[in-house]
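Trainee: Fold the following, please.
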Amino acid sequence: MIYIVILSITVLFFVFTLIISPLLKRYLGIRLCAICAASSTTWLTLLVFKTTHFLDVDETLLGVLFGGSVVGIMYALRDKYKELKLRDFWIIRVLWVPWGFYLAYAVAKSDSFMIKIGLLVTFLISLLILRMFKLHKKNKSGGSTKKKKEDAVETDREKQDAIKKLERSLEDCC
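Mentor: Predicted structure coming up:
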């Protein structure tokens, strides 16, 4: 089965790169990562085959493919954070990756209780991500009230420096 997956991802990569991605970009303005789309399409198809009992799908293989998507989504989020110059991405990284793996494991094992928990937590993490984007957008358009009261009278400089140093080290972990 691994050879079918390798072939599927390779062929789909070229289909997305040469046909689908350019069309989406041209007509809808949507940029699509061809390798991400090829991998996701492959594991989604395998998941449908497994769920419908059309094909006996190796759960280990599904887990590997899911894991790749979890990490790929995390890197896509990181790029969006950098583009918007947002801070505190380490929070998302710490939440997204372990819970994404949890959900991937639950789906691969077909454990409906675990899937429900994983979907709930993933939904809550997604809300947190959207909230962070929304707060950033709001703060950017908010303007300044007497330079935000002189930057809230600079709170304890040493604490701020220590926090910034910790945040920088957490941001650069991957």
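
Trainee: buried sites along stretch 109-124?
Mentor: Buried positions in stretch 109-124, judged by neighbour count with 16 or more other CB atoms under 10 Å: I115, G118, V121, T122. All C-beta spots, glycine's among them, are computed from the backbone N, C-alpha and C.

Trainee: Can you name the residues that contact the first one?
Mentor: Counting by CB atoms under 8 Å, 6 or more residues apart in numbering, I115 makes contact with L103, A106, V107.

Trainee: Checking it next. Helix, strand or coil?
Mentor: Here I115 is helix, with the state taken from DSSP: H, G, I helix; E, B strand; the rest coil.

Trainee: pretty sure C36 is touching V70, no?
Mentor: No - contact criterion CB atoms under 8 Å: C36 and V70 do not qualify, at 11.5 Å.

Trainee: Centre-most residue in this structure?
Mentor: In the chain, the centroid-proximal residue (CA atoms, centre = their mean) is I73; its distance is 2.6 Å.

Trainee: quick one: which two of the buried residues of stretch 109-124 are the most distant?
Mentor: I115 and V121 (11.0 Å; CB to CB).

Trainee: How is the chain partitioned into domains?
Mentor: Domain ranges of the chain: 8-55, 58-140, per automatic domain parsing.

Trainee: okay, how far is it across the first one, tip to tip?
Mentor: Across its full length, domain 8-55 reaches 15 Å end to end, with CA to CA, to the nearest Å as the criterion.

Trainee: Just the CA coordinates for stretch 65-72, please, in CSV.
Mentor: Output of stretch 65-72 as CSV, limited to C-alpha atoms (Å, rounded to 0.1, in the frame of the first residue of the first chain):
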residue,chain,number,x,y,z
LEU,A,65,0.1,11.0,6.6
PHE,A,66,-2.0,12.7,9.3
GLY,A,67,1.1,13.7,11.2
GLY,A,68,2.5,15.3,8.1
SER,A,69,-0.6,17.4,7.7
VAL,A,70,-0.6,18.4,11.4
VAL,A,71,2.9,19.7,11.1
GLY,A,72,2.2,21.3,7.6
